[in-house]
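# below are the sequence and a predicted model for it; my questions follow.
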Amino acid sequence: MRYKILTVDDSKTVRIIVRKAFKTFDCEILEAGNGVEGLALAAKENPDLILLDVTMPVMDGVEMLTKLKSDPALKGIPVMMLTAEGGRDNVLKIAKIGFVTTW
Amino acid sequence: MPAAEQITDSLIRDNIARAVGDVFKTMLGREPVLTPVAGANLDQVWPVQSPLAGNPRPHVVGTVGFIGDANGLIYLYLDIGFARHCTCQLLGMTEAELEAAGDEVMNDAIGELTNMTVGSFKNGLCDAGYPCKLTIPSILHGSNFTIEPISSVTRLIYHFDCGGHRIIADVLMKQEE
């Protein structure tokens, strides 16, 4: 089975790094540049994992995660937050919405 | 919440050393070592010469700020050869591919490395009781230039040796009014 991984980040550089990181695995990498595009792609492709940035234009990662977890069809998709906006308080705030891990 | 003036030089030094070390090791497989500048301590305190004084080679400088209970800016200096090398390694590109892609790709890559480094530094401040947020990154290119802060800023400059290449972290912290 070929896993689908959705990377949602406004930085093209980060999306390239994610693509490179999974190059040796049998994965299909899907890319979105903000939360709106990310939600649309998640609904269309039903990925096995979402790698989600926090600070993005149009719709940020916290809002996308909130919408994702309130959608019965999408809430089961595991989410890993991939962000420079870490720190204990930020992690705890986002953990309340629901994610797998943060990096 | 502790007052911002209680942010000590050692908290800044430990945070920047950890941040630079973690990012360059994780993203590039390198191990930068904090090194004293000749004739100085590990902490060079303002006023000091420009980080590029006596070094005429072209440099790329990534900048990201942080605002909140602690306010400041960090400039990360890399000579252009090392910046190109880091970009190629980070993005899995050859030198020829980078040459064809142009400066924009290098700017994005160094901006992202700076964002990760300052993000890690900022997270250390948050965990120490000084919540703050990152600003957007920007990039400077050039030779023989100086960046001079205004007098109400504390400036600390750290040099790292990274396998023969030099990384300079120029940390500017706004003093409490």
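Arrived safely.
# could you use CA atoms for every contact and neighbour count after this?
Fine.
# tell me where chain A has helices.
For chain A, the helices defined by DSSP state H cover A:12-21, A:35-45, A:61-69, A:88-95.
# okay, the ones you listed in CSV with mean neighbour count next?
Below are these laid out as CSV (neighbours: other Cα atoms under 10 Å in any protein chain shown):
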stretch, mean neighbour count
helix A:12-21, 18
helix A:35-45, 18
helix A:61-69, 19
helix A:88-95, 14
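# show me where chain B dips below the pLDDT cut-off.
In the predicted model of chain B, residues B:1-5, B:37-55, B:176-177 satisfy pLDDT under 70.
# helix/strand/coil for the residue nearest the centre of it?
Residue closest to the average C-alpha location in chain B (Cα atoms, centre = their mean): B:L76, at 2.7 Å. The three-state label given to B:L76 by DSSP: H, G, I helix; E, B strand; the rest coil is strand.
# now do B:A169
Strictly by three-state DSSP, B:A169 counts as strand.
# rank the helices of chain A by pLDDT, which is bottom?
When those are compared on mean pLDDT, helix A:88-95 scores lowest, with a mean of 75.
# quick one on the thing from earlier: with distance to A:M81 added, can I get the helices of chain A in TSV?
TSV is the format used below for these (distance: least, Cα to Cα, whole Å):
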stretch	distance to A:M81
helix A:12-21	13
helix A:35-45	13
helix A:61-69	8
helix A:88-95	9
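# now these in a markdown table, with distance to chain B?
Listed next are the helices of chain A as a markdown table, based on distance: least, Cα to the nearest Cα, whole Å:
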| stretch | distance to chain B |
| --- | --- |
| helix A:12-21 | 6 |
| helix A:35-45 | 18 |
| helix A:61-69 | 15 |
| helix A:88-95 | 6 |
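# out of those, the one nearest B:P137 is which?
Nearest of these to B:P137, taken as Cα to Cα: helix A:12-21 at 13.0 Å.
# just checking, what packs against that closest one?
When contacts are defined as 3 or more Cα pairs under 8 Å, 6 or more residues apart in numbering or on different chains; DSSP states H and E, helix A:12-21 packs onto strand A:3-8, helix B:80-91, helix B:103-127.
# can you add mean neighbour count and distance to B:N144 and give those back as a markdown table?
Below are these laid out as a markdown table (neighbours: other Cα atoms under 10 Å in any protein chain shown; distance: least, Cα to Cα, whole Å):
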| stretch | mean neighbour count | distance to B:N144 |
| --- | --- | --- |
| strand A:3-8 | 23 | 39 |
| helix B:80-91 | 20 | 13 |
| helix B:103-127 | 23 | 19 |
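# B:H165 is nearest to which of these?
helix B:80-91 (6.8 Å).
# check the nearest residue in space to A:E31 that is not next to it in sequence and give its pLDDT.
Using Cα to Cα, 6 or more residues apart in numbering or on different chains and skipping residues adjacent in sequence, the residue nearest A:E31 is A:T7, 5.1 Å away. A:T7 is assigned 96 on the pLDDT scale.
# how near is A:T7 to B:V61?
Look at A:T7 and B:V61: by Cα to Cα, to the nearest Å, they are 28 Å apart.
# which outside residues touch stretch B:103-119?
A:11-14, A:84-86, B:16, B:19-20, B:23, B:62-65, B:74, B:76, B:83-84, B:86-87, B:90-91, B:98, B:134, B:136-139 (Cα atoms under 8 Å, 6 or more residues apart in numbering or on different chains).
# oh, I was asking about stretch A:58-67
With Cα under 8 Å, 6+ apart, stretch A:58-67 has contacts from A:34-36, A:38-39, A:52-55, A:94, A:97-98.
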